[in-house]
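Peer 1: Model the structure of this input:
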Amino acid sequence: MAWSSPMTAVAGSVWTAAQWNTFIRDNLNESETSKALTTSGYSVVTSLHRLSERVPQVVNDAAEVVTAETSYSDPETLAAGSPVVPGPSITAFTGQKALVAIYGAPRTSGGTAAWISVEVSGATDIQADDTHSIQNHVTDPDSWRSGATFGLDLTEGLNTFTMKYRVSTSGTGHFTSRRMVVIPF
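Peer 2: Got it, this is the predicted structure:
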């Protein structure tokens, strides 16, 4: 359904049921209040006279993961040595843009820097890279945490945002307090 420009009422005219349904009922069903389905959701304009609901999402993972890879990849293990699943990640329906915030405590042991970035897959394909990343050059696990927010251009549809990790040249990267927020538009 789409918004229909209302007809102009003339004094003394009678609206038909079809006119009422088209210009009042159907247009109210296209309003922001009618589109609201999710607590904390919000409406965005997706085309001329068209609203869609978007829902921000947050993920937190406190577990420490490690990698020695020099290109962005999934972590290799938990610090305790057991295998890990990729991420954390968020899957969200987005429009053509989203704000993505990442936060973490990357550190190195014997290397030059530890990096966290985000990869997008699904309707959009964006590789993790240094242009939307955070990095630290520290070795003390409690000395530094950082975060950044990035605006990303996307293809409208279902997109998955996954945190990826790397070290600069050598050593092992340790990553804790990993958090991500996706605000789709």
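
Peer 1: what helices or strands is the helix or strand that contains residue 107 leaning on?
Peer 2: Using DSSP states H and E, residue 107 maps to strand 97-109. Using 3 or more CB pairs under 8 Å, 6 or more residues apart in numbering; DSSP states H and E, the elements in contact with strand 97-109 are strand 114-122, strand 133-136, strand 146-153, strand 157-167, strand 172-184. Glycine gets a C-beta too; all of them are placed from N, C-alpha and C.

Peer 1: from the chain's centre, how far out does that strand sit?
Peer 2: 12 Å (CA atoms, centre = their mean, to the nearest Å).

Peer 1: Residue 157: neighbouring residues, count only.
Peer 2: Neighbour count of residue 157, defined by other CB atoms under 10 Å: 12.

Peer 1: how much space is there between it and residue 120?
Peer 2: 11 Å (CB to CB, to the nearest Å).

Peer 1: Could you do residue 59 as well?
Peer 2: According to CB to CB, residue 59 and residue 120 sit 15 Å apart.

Peer 1: first vs last residue of stretch 12-20, how far apart are they?
Peer 2: Terminal residues of stretch 12-20 lie 15 Å apart, using CA to CA, to the nearest Å.

Peer 1: Return the distance of it from the chain's centre.
Peer 2: For stretch 12-20, the distance to the chain centre is 45 Å (CA atoms, centre = their mean).

Peer 1: what does that stretch contact?
Peer 2: Residues from elsewhere that reach stretch 12-20 (CB atoms under 8 Å, 6 or more residues apart in numbering): 7, 9, 23.

Peer 1: Can you select the buried ones among those residues for me in PyMOL?
Peer 2: To isolate the buried members of these in PyMOL, using 16 or more other CB atoms under 10 Å:
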select buried, resi 23
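
Peer 1: Could you dump the contacts of stretch 12-20 into CSV with distance to residue 54, pLDDT and secondary structure added?
Peer 2: Output for the contacts of stretch 12-20, formatted as CSV (distance: CB to CB, whole Å; pLDDT from 0 to 100; DSSP: H, G, I helix; E, B strand; the rest coil):
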residue, distance to residue 54, pLDDT, secondary structure
7, 32, 83, coil
9, 35, 82, coil
23, 27, 87, helix
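
Peer 1: now the contacts of stretch 12-20 in JSON lines, with distance to residue 110?
Peer 2: Formatted as JSON lines, the contacts of stretch 12-20 follow (distance: CB to CB, whole Å):
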{"residue": "7", "distance to residue 110": "74"}
{"residue": "9", "distance to residue 110": "77"}
{"residue": "23", "distance to residue 110": "70"}
